[in-house]
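> Structure, please.
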Amino acid sequence: MPTPQKEALVAELRQATENSESIYLAEFSHLNVAEMNKLRSQILEHQAYLRVTKNRLLKLAFAGTPAEELCKYLSGPTVVAFCQSDPIAVAKVLTEFGQDHQHLVMKAGLFDGMILDQEQMAQIAQLPPRDQLQAQVLASLITPANSVVNLLGMVISQFLSTLGAIADKRKSEEEK
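Have a look, this model is predicted:
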């Protein structure tokens, strides 16, 4: 029989699932409270939050959502990260923390509507941060426009210098 506390927790997890841009699952063992708090604070810096809960409750929360496919990865002690804004930064934090602490292992994730396995999660973690990706896209869009502006500036400059040369030639012809 479900208790009101468990029902409220499942509702909270479902809301977090629906509001998240991405969700990551990791297996943890032998992490002490200080290490877990350090991981939580690093995750929180990227507008995401970490939750340790029973797999059975996560399965109930994921049911009927795009994250439902993550249920097959719910075994053993699981920590879930709900990301609202920058999924790449959160994947980096989890991966780097896992490299420093062998007791945290990435399992799977939901990224842009796709289920990712451990290997794909590592690839996501290697991407540059969102701000840098946006800057690269913007630079690639601006570069052709800058080239056109520079080209037009050179044409106008050459036109004006040609007009100046013609004016100088006429002036010198009139003086003769």
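
> Residue 124: what secondary structure?
helix (DSSP: H, G, I helix; E, B strand; the rest coil).

> Quick one: residues in contact with the strand or helix carrying residue 24.
Following DSSP states H and E, one finds residue 24 within strand 22-28. Applying C-beta atoms under 8 Å, 6 or more residues apart in numbering, the contact partners of strand 22-28 are 17, 36, 52, 67, 70, 73-74, 76-83, 87, 90-91, 94, 98, 103-112, 121. To be clear about C-beta, it is placed using only N, CA and C from the backbone, and glycine gets the same treatment.

> Could you list the low-confidence segments of the protein?
1, 130, 176 (pLDDT under 70).

> any idea which helix is longest in it?
Longest helix of the chain, by residue count under DSSP state H: helix 130-175.

> tell me the domain boundaries of this structure?
4-127, 129-176 (automatic domain parsing).

> May I see these arranged in JSON lines, with mean neighbour count as well?
Shown next, in JSON lines, are the domains of the chain (neighbours: other C-beta atoms under 10 Å):
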{"stretch": "domain 4-127", "mean neighbour count": "17"}
{"stretch": "domain 129-176", "mean neighbour count": "10"}
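
> thinking again about what came up before, starting at the chain centroid, how far to the helix or strand just after the strand holding residue 24?
Per DSSP H and E, strand 22-28 leads on to helix 33-44 as the next helix or strand towards the C-terminus. Put simply, helix 33-44 sits 19 Å off its chain's centre (C-alpha atoms, centre = their mean, to the nearest Å).

> List of residues touching helix 33-44?
In contact with helix 33-44 (C-beta under 8 Å, 6+ apart) are residues 28, 31, 49, 50, 52, 81, 90, 93, 94, 97, 101, 104.

> Sheet partners, orientation included, of whichever helix or strand comes after that helix?
For helix 33-44, the following helix or strand on the C-terminal side (DSSP H and E) is strand 48-52. Strands that pair with strand 48-52, judged by DSSP bridges, come out as strand 78-83 (antiparallel).

> Now do whichever helix or strand comes after the strand it pairs with against strand 22-28, angle only.
Following strand 78-83 in sequence order, the next helix or strand is helix 87-100 (DSSP H and E). Helix 87-100 and strand 22-28 are oriented at 10 degrees to each other (axes from the mean of the first three to the mean of the last three C-alpha atoms, to 10 degrees).
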